[in-house]
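Peer 1: Model the structure of this input:
(4 chains, ligands or ions: 6)
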Amino acid sequence: MNLEVEIGGLKLRNPVMTASGTFGYGEEYSGFVDLNQLGAIVVKGISLKPMQGNPPPRISETPCGMLNAIGLQNVGLELFLKEKLPFLRKFDTRVIVNILGNSLKEYQKISEALDDAGVDAIELNVSCPNVQQGGIMFGTDRKMLGQLITGVKNIVKNTVLITKLSPTVSDIKEFAKTAEDSGSDAISLINTIPGMSIDINTRRPRLKNITGGLSGPAIRPVAVRMVYEAYNAVKIPVIGMGGIMNADDAIEFFIAGASAIAVGTANFVNPEATTGILSGLIKYMERENIERISSLTGSLDIG
Amino acid sequence: MNLEVEIGGLKLRNPVMTASGTFGYGEEYSGFVDLNQLGAIVVKGISLKPMQGNPPPRISETPCGMLNAIGLQNVGLELFLKEKLPFLRKFDTRVIVNILGNSLKEYQKISEALDDAGVDAIELNVSCPNVQQGGIMFGTDRKMLGQLITGVKNIVKNTVLITKLSPTVSDIKEFAKTAEDSGSDAISLINTIPGMSIDINTRRPRLKNITGGLSGPAIRPVAVRMVYEAYNAVKIPVIGMGGIMNADDAIEFFIAGASAIAVGTANFVNPEATTGILSGLIKYMERENIERISSLTGSLDIG
Amino acid sequence: MSRYFRAKIRENLPLNRNHKLLTLETSSPENEPLPGQFYMLGVNRGGYDPLLKRAFSLFRKTSDGFQILYRIKGKGTSLLGGMKEGDMIDMIGPLGRSYPVPETGRTPLVIAGGVGMASVFSLIESIPERSYVFYGAKSKDELFMLDELGALSKGLYISTDDGSLGKKGNIAGVLEDFWGRKHETEDQYLIYACGPKPLLGLIARTASSHSIQAFVSLEEQMACGIGACLGCAVRVKSPVSVLQGSEQDFIYRKVCKDGPVFDAAEILW
Amino acid sequence: MSRYFRAKIRENLPLNRNHKLLTLETSSPENEPLPGQFYMLGVNRGGYDPLLKRAFSLFRKTSDGFQILYRIKGKGTSLLGGMKEGDMIDMIGPLGRSYPVPETGRTPLVIAGGVGMASVFSLIESIPERSYVFYGAKSKDELFMLDELGALSKGLYISTDDGSLGKKGNIAGVLEDFWGRKHETEDQYLIYACGPKPLLGLIARTASSHSIQAFVSLEEQMACGIGACLGCAVRVKSPVSVLQGSEQDFIYRKVCKDGPVFDAAEILW
Ligand SMILES: Cc1cc2nc3c(=O)[nH]c(=O)nc-3n(C[C@H](O)[C@H](O)[C@H](O)COP(=O)(O)OP(=O)(O)OC[C@H]3O[C@@H](n4cnc5c(N)ncnc54)[C@H](O)[C@@H]3O)c2cc1C
Ligand SMILES: Cc1cc2nc3c(=O)[nH]c(=O)nc-3n(C[C@H](O)[C@H](O)[C@H](O)COP(=O)(O)OP(=O)(O)OC[C@H]3O[C@@H](n4cnc5c(N)ncnc54)[C@H](O)[C@@H]3O)c2cc1C
Ligand SMILES: Cc1cc2nc3c(=O)[nH]c(=O)nc-3n(C[C@H](O)[C@H](O)[C@H](O)COP(=O)(O)O)c2cc1C
Ligand SMILES: Cc1cc2nc3c(=O)[nH]c(=O)nc-3n(C[C@H](O)[C@H](O)[C@H](O)COP(=O)(O)O)c2cc1C
Ligand code: FES
Ligand code: FES
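Peer 2: Ligands and ions are numbered 1, 2, ... in the order given. Take a look at the predicted model:
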């Protein structure tokens, strides 16, 4: 059985990744799962300077989902390279760094440093809905998105470039194409969908930030649809995520067109979700006589 | 206690409406709820000619939600006026007709006939994600949306005009403003969010139509956020819907900015949902000493 | 008239590994369900997942309620399987069109594939010793109520996929055998069937070739169960096409309201 | 080391209208929880609503597991309340930082507001007859384990909002009275507190004005419970601002990992 997949030239031992912001810097889950078993670890979004993040409450549960407005709290590029990356490097897995900036310059600076540090891939977060300056403009304006991708692509030498698409657009296909045309090696989707919840007793928003990003099984049907549409619009690999809780959900994304998948909110519910999904995937392949996981990608039967 | 609300000049006895497509033509629920108790009944989308709808399966359950691809099956304008409207007219409630067309002309023809027939309001469905020609273009292109609304507004004499906004846009505020500027008397939102689900054993989409619209509690946080944003962008009343299952959910929408709310998928789970929500609303107003329901609208405390 | 009400679980009896018999107690029994009708049951125990109600046929009336025979299939039926005596279930029903009562003088052939028996059992019960019953399942342990069926029918024919009881194979095969040995002229027969769709299609063809009227109970994904959502569409020949014999022309009917029992000749298989 | 595991419910005992005592049996008891630590419990019974686990303090260790004392508040705790003996619960734990063990020679004042007792009980138990316990609740029937607390403490002070037992009013008031009658010099005291945030803020101020060190256990919305999601942020004085005495400068700490027990002087109330 062959679980290997390739994401824009980067070989992953298997297609199970973690979704940025839901797996800390790897350390937090190292007591629960063997990190060597993961296809790749995608770390929490890194900015040039450390960010404090939003005031609490930052999360709120919703039906089959959760809202978060962490506000991109992170240790910043310098500390990440000094303290977090060395830990991750101890494991035999790919390290993908999710990054964000307020300007092309910032994205470029971070990318350059990460490229030098030899991380396996950079995931451009252009879709975080929490911080005004957090790149929301890049994610919903095709021209800006294209410039950003080209700008970063020109800087990095070895690092694979993944663009994480925002789901808050009317036609995801166009944005997928923009990413492809601008030189992105792969796309990942979906990021959270902006949402809001109100405590009717206090009449206050449940998040101090008022709005936050919706994740979890609630959004899975939207994510599967967007992966399907994006897959059919571009030739670069698609990394699918959004509400994947178990192997069956993951398989849905492969059939829709994903080459790899990322596990997000599920980690919170079950810290062993990633490796559990991997075993489930293997069982399914055995049962269905699938030799290469990559043959599952886009195998939707619409006959 | 005063439950009356006004939607673009139309007085409703109370703010509890039904969401188009989830309450049939009223008849289906008349054995479960006293239709006289409803603020308004919004009927299934009507087109100029009868429509067959999509092949089955048309619905599929998802976590805390459901996908539907009914494909706008409806009896058509003529039969609606002849057979369905007279039944609804027997009740002391407002009748709002959701309409859809492939062109401005079609929308105008239907609107004219409904205006003549004296329906209380027309809800323009410009956001149904199921049928290619079903108006999807009007809902995600601001210029076309504006032309459509103006075109219909010029035709109708007495009927209140409600525009139902599509949630698949990156900035709902702009579309709300377009509706207001073009002469819509009110806006309603949200329609379903396009989604998809796959049976991993057959590798076929669970809906014959491949994609469908996601509704139910799963989408509530997205709906509340959009109502909040739309409310803050326009002065015309906002009708809120999306995942309202009980009175608490409804109250969330009022606080976010809705002047009235519509109950959709909840009817399927509990055929008495509408009247149950009305009683819950009254209890909340008593408990919180709220004299006029309209004072709740937009009362979010972001201090 | 269907109602929205709550019923108390009196018993949730396991029949085998994946089938259970649910006995419900309803407070106001004025709504007499008819054979072939169904209920939408809330299987949820807090929260909104699973969201939608599940459709289950009336299996059998009791003095103060009714029973449901069900197969544990997915999420919802698993939850139902975990419910215990005393738990309350909210439900809508009875819903849909029942099996038409067979005229006296006609001999009903009642065919059930698997848990399809849940739908036709009360029909068989309502016409004691008048019907021939054909009952097929995967294996012996998925055949239920055989003693009762033996007593209620004029003849009970069994098949199992694995041959563990009755004839090995599909129940349609048993029916074929029956034609060979039949005692009455064919137009005296009347078919009632519930089971997997391919089986029903087969029966519809057989019935049509023998010019026997057949009533089948269909299943389709349902949200409301009362005709409002238009989710449960089934293609039937439109009145025109029935006359003209063209299969191109069709209309959609609602399984929940226009069915679940349909004249097999109307359906576009 | 915290683990992800399943535990069996031995008992889910109602204490009053809206509080229950859950006794759990864990198969591998090698992970000894400490006073002040907590567990994330799955309250879900099929489906994904509610989605997230709920945080509950270790109430008391047992020979083969531990207990949790909880208040039925919303959706999740209602579901937990409905669980029965033999049901399995999946959980993560023990999590977070425990109450620091009081040095010998110092007298712990342990303050609990309402269900905050759940968090400090095992601390009181771990230092028998050394602590003064201050326990406030809405009314008499929301005060639990009074006999045990009487036996475990050097003194038990009670207050209720409605005056149904002990002093009427907030437990902070009882603490004020205590300062008047105290026997030891203030710096011998050490405060531990768990309860509603306003109460903890009050205690922090009192402690600071009396120059007593206070440890408080905080609550915040949590998703992961293990430091990964950054959801459970609490504002603490940044190391610099602590030195400079400026309250402007702060950093966020994680309640789940850096807490839930914090030195009250660090928190920006
Ligand atoms: C009119 C009618 C009568 C029925 N009577 C019985 C009966 O008496 N006994 C019995 O065991 N089963 C009966 N069924 C089938 C029963 O409704 C399904 O087995 C059940 O809904 C499966 O739910 P689940 O959550 O376990 O499965 P899942 O596959 O997890 O369900 C996912 C979704 O698909 C729907 N679904 C799945 N299978 C079916 C199906 N066959 N028909 C319609 N919807 C389906 C579910 O309702 C749910 O919305 C009947 C179906 C219909 C339409
Ligand atoms: C470290 C810690 C220890 C705790 N120990 C106990 C204990 O021993 N006994 C006890 O009764 N309660 C304890 N709580 C509070 C308990 O977690 C909440 O009462 C519970 O989560 C409420 O869940 P619900 O679904 O019933 O309420 P809902 O209000 O329906 O919950 C909605 C969401 O808000 C979260 N939430 C609600 N209240 C709180 C709260 N006070 N703190 C954090 N999240 C909350 C829920 O976890 C859930 O995600 C503790 C909380 C924390 C953070
Ligand atoms: C708490 C939290 C923090 C997140 N932080 C980031 C982030 O820093 N960068 C990013 O690109 N996505 C972030 N995401 C989005 C996830 O990576 C993922 O795209 C989204 O949650 C959908 O997947 P899921 O439903 O499996 O969680 C975050 C999500 C959550 C829940
Ligand atoms: C089965 C079904 C059919 C629908 N048909 C229509 C329709 O004809 N026209 C329309 O504008 N919206 C239609 N909708 C959308 C609803 O009116 C509503 O906007 C949406 O379902 C969100 O609300 P809910 O989550 O409460 O269901 C339909 C929704 C469902 C579930
Ligand atoms: S299930 Fe809704 S119309 Fe049949
Ligand atoms: S709950 Fe996730 S970091 Fe604390």
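Peer 1: Map the structural domains onto the sequence of chain C.
Peer 2: When chain C is parsed with automatic domain parsing, its domains come out as C:4-95, C:107-219, C:222-257.
Peer 1: mind checking which of those is nearest residue B:51?
Peer 2: Closest to residue B:51 of the domains of chain C, according to C-beta to C-beta: domain C:222-257, at 10.1 Å. Any C-beta I mention is one placed from the backbone N, CA and C, and that applies to glycine too.
Peer 1: is the closest one anywhere near chain A?
Peer 2: No - Domain C:222-257 does not reach chain A (C-beta under 8 Å from any C-beta of the partner chain); its nearest approach is 14.9 Å.
Peer 1: distance between the ends of that domain?
Peer 2: 11 Å (C-alpha to C-alpha, to the nearest Å).
Peer 1: For the chain, name the helix or strand with the lowest mean pLDDT.
Peer 2: In the absence of a named chain, chain A is used. None of the helices or strands of chain A scores lower by mean pLDDT, DSSP states H and E than helix A:136-140, at a mean of 75.
Peer 1: The chain in question should be chain C.
Peer 2: Per mean pLDDT, DSSP H and E, bottom of the list for chain C is helix C:239-244, a mean of 54.
Peer 1: burial of the closest residue to ligand 5 within chain A, as a residue count?
Peer 2: Using C-beta to the nearest ligand atom, the closest approach of chain A to ligand 5 is made by residue A:221 at 19.3 Å. When neighbours are defined as other C-beta atoms under 10 Å in any protein chain shown, residue A:221 has 31 of them.
Peer 1: Apart from its neighbours in sequence, what residue is nearest residue C:100?
Peer 2: Using C-beta to C-beta, 6 or more residues apart in numbering or on different chains and skipping the chain neighbours, the partner closest in space to residue C:100 is residue C:215 (6.5 Å).
Peer 1: Quick check: the one you found vs residue C:133, distance?
Peer 2: Distance, residue C:215 to residue C:133, using C-beta to C-beta, to the nearest Å: 15 Å.
Peer 1: Could you tell me the phi and psi values at residue 205?
Peer 2: All of this is about chain A. Dihedral pair for residue A:205: phi -60, psi 150, per degrees, to the nearest 10.
Peer 1: Does it touch residue A:69 like I think?
Peer 2: No - Residue A:205 lies out of contact with residue A:69 (C-beta atoms under 8 Å); the separation is 9.5 Å.
Peer 1: The residue of chain A closest to ligand 5 - nearest residue in space that isn't next to it in sequence?
Peer 2: Spatial nearest neighbour of residue A:221, chain neighbours left out: residue B:195 (3.0 Å); criterion: C-beta to C-beta, 6+ apart.
Peer 1: quick one: which helix or strand includes that neighbour?
Peer 2: strand B:193-196 (DSSP states H and E).
Peer 1: which residues touch that strand?
Peer 2: The contact list for strand B:193-196, computed with C-beta atoms under 8 Å, 6 or more residues apart in numbering or on different chains, reads A:221-222, A:224-225, A:228, A:256, B:62, B:67, B:129, B:167-168, B:205, B:207, B:210-214, B:219, B:222.
Peer 1: Out of those, which sit inside strands?
Peer 2: Here DSSP state E is the test, and the contacts of strand B:193-196 give B:62, B:67, B:205, B:211, B:212, B:213, B:214 as lying in strands.
Peer 1: and which of these is nearest chain C?
Peer 2: Taking C-beta to the nearest C-beta as the measure, chain C sits nearest to residue B:62 out of the ones in strands among the contacts of strand B:193-196, at 8.0 Å.
Peer 1: Could you report the separation of the closest residue in space to that closest one that isn't next to it in sequence from residue B:215?
Peer 2: Spatially, and ignoring its direct neighbours in sequence, residue B:62 is nearest to residue A:221 (4.7 Å; C-beta to C-beta, 6+ apart). With distances taken as C-beta to C-beta, residue A:221 is found 10 Å from residue B:215.
Peer 1: shared neighbours of the two, anything?
Peer 2: Counting by C-beta under 8 Å, 6+ apart, the shared contacts of residue A:221 and residue B:215 are residue B:65.
Peer 1: and the spatially closest residue to residue C:62 that is not a sequence neighbour, what are its bridge partners?
Peer 2: Of all residues not flanking residue C:62 in the chain, residue C:23 sits nearest, at 6.6 Å (C-beta to C-beta, 6+ apart). For residue C:23, the beta-bridge partners under DSSP bridges are residue C:11, residue C:67.
Peer 1: Can you give me the neighbour number for residue C:23?
Peer 2: Neighbourhood size, residue C:23 [other C-beta under 10 Å]: 20.
Peer 1: What score does it have for pLDDT?
Peer 2: On pLDDT, residue C:23 comes in at 97.
Peer 1: got the contact list for it?
Peer 2: Neighbours of residue C:23 in contact, by C-beta under 8 Å, 6+ apart: C:9, C:10, C:11, C:12, C:13, C:62, C:65, C:67.
Peer 1: pLDDT weak spots in the stretch 151-269 of chain C?
Peer 2: C:182-187, C:239-248 (pLDDT under 70).
Peer 1: Minimum distance to ligand 6, which residue of it gives it?
Peer 2: Closest point on the stretch 151-269 of chain C to ligand 6, by C-beta to the nearest ligand atom, is residue C:223, at 36.0 Å.
Peer 1: quick one: the helices in chain A?
Peer 2: For chain A, applying DSSP state H gives helices covering A:76-79, A:85-89, A:104-117, A:136-140, A:142-153, A:172-181, A:220-231, A:247-256, A:266-269, A:273-287.
Peer 1: how about TSV for those helices, with distance to residue A:26 added?
Peer 2: Shown next, in TSV, are the helices of chain A (distance: least, C-beta to C-beta, whole Å):
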stretch	distance to residue A:26
helix A:76-79	15
helix A:85-89	5
helix A:104-117	15
helix A:136-140	26
helix A:142-153	23
helix A:172-181	26
helix A:220-231	24
helix A:247-256	20
helix A:266-269	11
helix A:273-287	11
